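> Build me a model from this:
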Amino acid sequence: MLRTAFLSGALGLTAYASAAWLTHDFQVWTAEGARRLEVALQPVAAPPVQVDGPGTTPRPLPQWLAAPPGAVTIAGFIYTRCQNVCLSLGSSFQQLQAQLLQDRSAVGGTPAGAPPAAVRLLSLSFDGAHDTPAALQAYGRQLHADASVWQFLRVPDAAERAQLLRRWEVVVVPDGRGDFEHNAALLVIDPAGRLVHVFDMAELELALNYARHLARGAAPTVATRAAVPASPPGGAP
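Take a look at the predicted model:
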């Protein structure tokens, strides 16, 4: 009897310790949650993969992210033939674009003539073989993307594409019919080209307020998604 109780207790302690380790002391319960926590605690630099796209000469992704200096990027991974998740992400980016253009107007600029926004949008294709710069340009036109705010890139090389997906833990699985199953989120990348936070697609205001605040050089330290304020100190612009 005592032996059974002892073994049960030992198994319980082992299970508790394992759960605590796997969930970062019970802060997260899913792989995606763990990814988001880890990124917030330790930003992940973009690898030097080559990218190109409409109006963009081939260059390493970190170099693209660094120009113009001080720009913060909200990125999302897509492929142009997608008929489900990417459409929702495109709609989210349309809303973000509208708010960023309003930000420009609020400081006296115009969408056509204002300097580059401190916060910009990037749709990054993981289907580099199909999504040529011309295909990305046509896709952007369908979404009414303003190229001064929202740009489209791809990673042409398959090995480099896989490297980027691994580095930022983006899950892409071919479905056997020419399409892909993939996770989708709003990725905030700082001016140094580091992925610093991952937000759900439904968290538009959180992502945008965080990116705005980061662009001002005073981003809050964030350990969990719940720690990100709905509005940065002093209010959102």
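> Strands of the protein, start to end?
For the chain, the strands defined by DSSP state E cover 44-45, 50-53, 56-60, 72-78, 119-125, 150-154, 172-174, 180-182, 186-189, 194-199.
> Of these, which stretch is the most buried?
Sort the strands of the chain by mean neighbour count, taking mean count of other CB atoms under 10 Å, and strand 186-189 sits at the top with a mean of 26. (C-beta placed from N, C-alpha, C; glycine too.)
> what's the nearest residue to residue 153 if we skip its chain neighbours?
Nearest non-adjacent residue to residue 153, counting by CB to CB, 6 or more residues apart in numbering: residue 53, 4.0 Å away.
> which ones are touching that neighbour?
Residues near residue 53 by CB atoms under 8 Å, 6 or more residues apart in numbering: 133, 136, 151-154.
> Model confidence score at it, please.
Model confidence at residue 53, given as pLDDT, is 97.
> quick one: it from residue 204, how far?
The gap separating residue 53 from residue 204 is 23 Å, by CB to CB, to the nearest Å.
> looking at the sheet around the residue nearest to the spatial centre of the chain, what are its partners?
Nearest residue to the geometric centre of the chain (CA atoms, centre = their mean): residue 187, 1.5 Å. Residue 187 forms beta bridges with residue 75, residue 198, as assigned by DSSP bridges.
> isn't it right up against residue 76?
Yes. At 6.7 Å, residue 187 counts as touching residue 76 under the criterion of CB atoms under 8 Å.
> The residue nearest to the centre of the chain and residue 47, how far apart?
According to CB to CB, residue 187 stands 14 Å off from residue 47.
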